[in-house]
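Visitor: Next one to model:
(chains A and B)
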2 protein chains.
Amino acid sequence: MHITLDFSSRVPLYLQIKAYLSEEIYTGSLEANSRLPSTRKLAAELNVNRITIANAYSELESEGLIYGRSGSGTYVSPGKKRALDTGQSPEDYPLWQQRLARESDTATWWQSEAAAALESNPDVISFSSGMGAEELFPADDYRKALQSVLQQDRGDALGYGELAGYYPLRATISQILSEQGITANPGNILITSGSQQAMNLVSRLLLRPGDTILLEEPSYSSAIDLFRSLDTNLVGVPVDENGMQVEHVEELLQKTHPALIYTIPNFHNPTGACLSSARRRLLVDLADRYNVPILEDEFVCDLRYEGNPRPALKALDSRGNIIYMSTFSKILMPGLRIGYLVASGPVFEQLLLSKRVNDLSTSELIQRALREYIAVGRYETHLNRARRLFRHRRDTMIAAMLRQLPEGSSWQIPQGGLFIWLRLPEGVTTTGLIPAALKEKVAFTPGSLFAVSDQYESYIRLNFSCQPPELIEEGIRRLGRAVRSILKE
Amino acid sequence: MHITLDFSSRVPLYLQIKAYLSEEIYTGSLEANSRLPSTRKLAAELNVNRITIANAYSELESEGLIYGRSGSGTYVSPGKKRALDTGQSPEDYPLWQQRLARESDTATWWQSEAAAALESNPDVISFSSGMGAEELFPADDYRKALQSVLQQDRGDALGYGELAGYYPLRATISQILSEQGITANPGNILITSGSQQAMNLVSRLLLRPGDTILLEEPSYSSAIDLFRSLDTNLVGVPVDENGMQVEHVEELLQKTHPALIYTIPNFHNPTGACLSSARRRLLVDLADRYNVPILEDEFVCDLRYEGNPRPALKALDSRGNIIYMSTFSKILMPGLRIGYLVASGPVFEQLLLSKRVNDLSTSELIQRALREYIAVGRYETHLNRARRLFRHRRDTMIAAMLRQLPEGSSWQIPQGGLFIWLRLPEGVTTTGLIPAALKEKVAFTPGSLFAVSDQYESYIRLNFSCQPPELIEEGIRRLGRAVRSILKE
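Guide: Model (predicted):
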């Protein structure tokens, strides 16, 4: 190997060697899976210390460019050559692929450079998360549950399992639901890979391109993305502090004949609003009178910090119009990917069939461990801890907002959940705020992501659960400075 | 509680008590979550031994009708009342549900009474499994991998993770693939929830109702179910011992303008055939000339027992026409639900977006543990063990078939995989064979499940990997008796 080293350079030797080898790998001069010289040999050849070579190799390995096989040396990783894919334009692909490229309009916030800059910088204080605080994830308890399931059930925990989900888990969920006034036989519960899959199964079953969906305006961004991907028309119903303004729904039902109503009645994402009991009854009644299914998305219903719980729409449903969905992702662990659907009647059978063609079943192991975790009472303890902690963080954030945000900012105090929906002072738009936020190192979710038809350019969503109090204080201080810097312009 | 016991009956007292309580729960006389008397109290009341009551409660608990809370007594499980759902006919549901009921034609083999009778009876020797031997599932090794991931990565292992999948797992898969001659950058690999989801994502992206799909005749039943659920037209290409008869494909391309070709080139399910190298080249060439994507389903490619591996279609693909999918379900653990797709060009970006709206991501924890498991070299060891074991079982089954099956039975010897496709002697149909198999206590998969247009009433699929040799011997003996009993009729 002929590597010319500059011994007088300020670039350390190991980085010079690394740079040379990277280039050789990327250009394909060093072929995939070819063997590199041993550190001893290359050190001798280049007349450097063996540690220098070891450091270079270790850098390359950490970047995935080379890999070691124990006892047999170091090799070039496959697929590193900048071939085919890099720089190849859509026109180089077959026609059927070019058509796909034209159909695509994928530039979302999360793929933007600003989002990448905000989310990847460890100095940024981010309130943009969609889930509960990561440090609360009960990793140890869940590890124990996994352990005991794998020791007790062994192979059974690693097979396909039942299509609707592990029966004891469904029985456990049935119990949890009954405490919320929902009578659900385990036979009417379908375990899904997170609530996104639940939404997806329901949507694909009930919706055809061109169908209309009524939903809160604003609403959950991933639901909107899903509905849009199915070429449906979205009609927003405005939201106030008591949730969806159901008074407007009857007129919309008559005008638009929707195929589905999608709603988040508790601690609505993003506004945090709770649907009033009277509106709940009216909505269930309308669904019945107008023959429209409702998908009820209960993503954090257990996270109530004050006030009285309202009945779930499903608990008011005597006819089978409500399809209820919930998840363990937001308050337990997103990485589990466990959600569930509750429905009765023919729609349940059809959902089962959809589940089968979609992905056969949800991980049996994860389900069994989750059931074990809940059964030993750890879930209840976890929830109580989460409620105490998140309530305190909500209060911390509200107090900081009162102190730090300029006049003209406004928000409602949510009785539960994870989010505060902040209206920025007049003259401040999200688009304008992002560069200032980048500079101040604070992140949030732009309101436009939750827009159905309105734009929400003057709103942002803040997750109050995911940062410790001192970072909430500091983050809101930064946000205040960022907002003020726009007002001064 | 007024329970009338018959002390002279041959029905044990605890079963009489159990029967009484079950009835009370099912009719709702005992309400959900109401507390049952303590064993002590009820024993005194009925004048029986306390153990008798404990036994009755334990029976009820094992049937899920009641549940205990430690320290606070025994309660009636919710949702047991035979309400709404039981016996409610579709007409009792809203109109939108009645429409769904009409669309449905769901009676598949797996939902039939015969299948239930065969699969639930522990005395039946079943060759109907679609996966590798359960006793091989490396539960302990995987448990260790989970342990170490949860200890090292903690919360990181429980978050959402990257949309395309855990990068180091994709890098590891890229290495595995390069050993099979497939150059796949980790950036072109998408982790899915099993290969069923991979198929589902590709199908929903590329197919519209009314589109035509070319595929082997017969083919994998769950692929057929998926394609049919999307209202596509299936056109079968006959299969011989060298796989799909690609010679017929050009004419079909011209006649039917398919939107997709779906193929299982290695150890085809259900026939076990391997596509010859010449046919592989021809097929890739045709896809290119006719602008048709190919979905290459490599479900057990690592399970070759003899003969030389043929190049993957993906390895022959210079243009981006081939979408490759594989899985860890069949040879490792179905319960993991980990599969993957390899594709390049615009289609890959679109698949990523579909993955997001489908279920956001695949379990991060499961992915990390799988990567750990493979990285420490356990996967390779496991594969070698599986190959040795399955090869031996295949040979055992073939030898038993030669001895036990009547003349007129015929099959090919597969060079790998899991399945033997057995043609029954003339005059024997699957429909006729099932009652005899029920009597003899042996199970298989009826050929009709794999039918695209042909019927395969005279074929069955046998999984040779999932029973130990002595049960293979005995099972094939039973099958022989069952077949002969039809011939004698």
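
Visitor: Got the phi and psi for residue A:276?
Guide: Main-chain torsions, residue A:276, degrees, to the nearest 10: phi -70, psi 160.

Visitor: Residue A:35 and residue A:17, how far apart?
Guide: Per C-beta to C-beta, to the nearest Å, residue A:35 is found 17 Å from residue A:17. For every residue, glycine as well, the C-beta is placed using N, CA and C.

Visitor: Relative to chain B, which residue of the stretch 1-150 of chain A is the closest?
Guide: Closest residue of the stretch 1-150 of chain A to chain B, C-beta to the nearest C-beta: residue A:78 (3.2 Å).

Visitor: Just to check, that residue is in contact with residue B:172?
Guide: No - contact criterion C-beta atoms under 8 Å: residue A:78 and residue B:172 do not qualify, at 11.0 Å.

Visitor: Quickly note the distance from the residue nearest the centre of chain A to residue A:268.
Guide: Closest residue to the average C-alpha location of chain A: residue A:130 at 5.6 Å, with C-alpha atoms, centre = their mean. Residue A:130 sits 14 Å away from residue A:268, taking C-beta to C-beta as the criterion.

Visitor: cool, residue A:460 as well?
Guide: Distance, residue A:460 to residue A:268, using C-beta to C-beta: 16 Å.

Visitor: likewise residue A:368?
Guide: 33 Å.

Visitor: And for residue A:168?
Guide: Taking C-beta to C-beta, one finds residue A:168 at 32 Å from residue A:268.

Visitor: higher neighbour count, those two?
Guide: More crowded of residue A:168 and residue A:268, by other C-beta atoms under 10 Å in any protein chain shown: residue A:268, with 25 against 16.

Visitor: mind listing the helices for the stretch 351-489 of chain A?
Guide: In the stretch 351-489 of chain A, the segments counted as helices under DSSP state H, counting those that start in this stretch are A:364-375, A:378-404, A:430-440, A:469-488.

Visitor: Output the below-cut-off pLDDT ranges for the stretch 301-450 of chain A.
Guide: Under the criterion of pLDDT under 70, none of the stretch 301-450 of chain A is flagged as low confidence.

Visitor: At the contact with chain B, which residues of it appear?
Guide: Residues of the stretch 301-450 of chain A lying close to chain B (C-beta under 8 Å from any C-beta of the partner chain) are A:318-321, A:333-337, A:344-347, A:349-350, A:353-354, A:356-366.

Visitor: Pull out the buried residues from the longest strand along chain A.
Guide: Longest strand in chain A, counting residues (DSSP state E): strand A:233-240. For strand A:233-240, burial by neighbour count (16 or more other C-beta atoms under 10 Å in any protein chain shown) applies to A:234, A:235, A:236, A:237, A:239.

Visitor: taking the mean pLDDT, what do you get for the helix or strand that comes right after it?
Guide: Next along the chain after strand A:233-240, taking DSSP states H and E as the criterion, comes strand A:243-244. Mean pLDDT, computed over strand A:243-244, is 98.

Visitor: Surely the residue nearest to the centre of chain A touches residue A:465?
Guide: No - if you go by C-beta under 8 Å, residue A:130 and residue A:465 don't touch, sitting 10.5 Å apart.

Visitor: Check the contact lists of these two and give me the overlap.
Guide: Both residue A:130 and residue A:465 are in contact with residue A:418, where contact means C-beta atoms under 8 Å, 6 or more residues apart in numbering or on different chains.

Visitor: Residue B:195 is nearest to which of the helices of the stretch 351-489 of chain A?
Guide: helix A:364-375 (16.3 Å; C-beta to C-beta).

Visitor: Which strands or helices does the closest one pack on?
Guide: If contacts are counted by 3 or more C-beta pairs under 8 Å, 6 or more residues apart in numbering or on different chains; DSSP states H and E, helix A:364-375 sits against helix A:139-153, helix A:167-178, helix B:364-375.

Visitor: Using TSV, lay out those together with distance to residue A:50.
Guide: Listed next are these as TSV, based on distance: least, C-beta to C-beta, whole Å:
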stretch	distance to residue A:50
helix A:139-153	39
helix A:167-178	55
helix B:364-375	25
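
Visitor: Of all the ones you listed, which one comes closest to residue B:201?
Guide: Proximity to residue B:201, assessed across the helices and strands packed on helix A:364-375 by C-beta to C-beta, is greatest for helix B:364-375 (16.8 Å).
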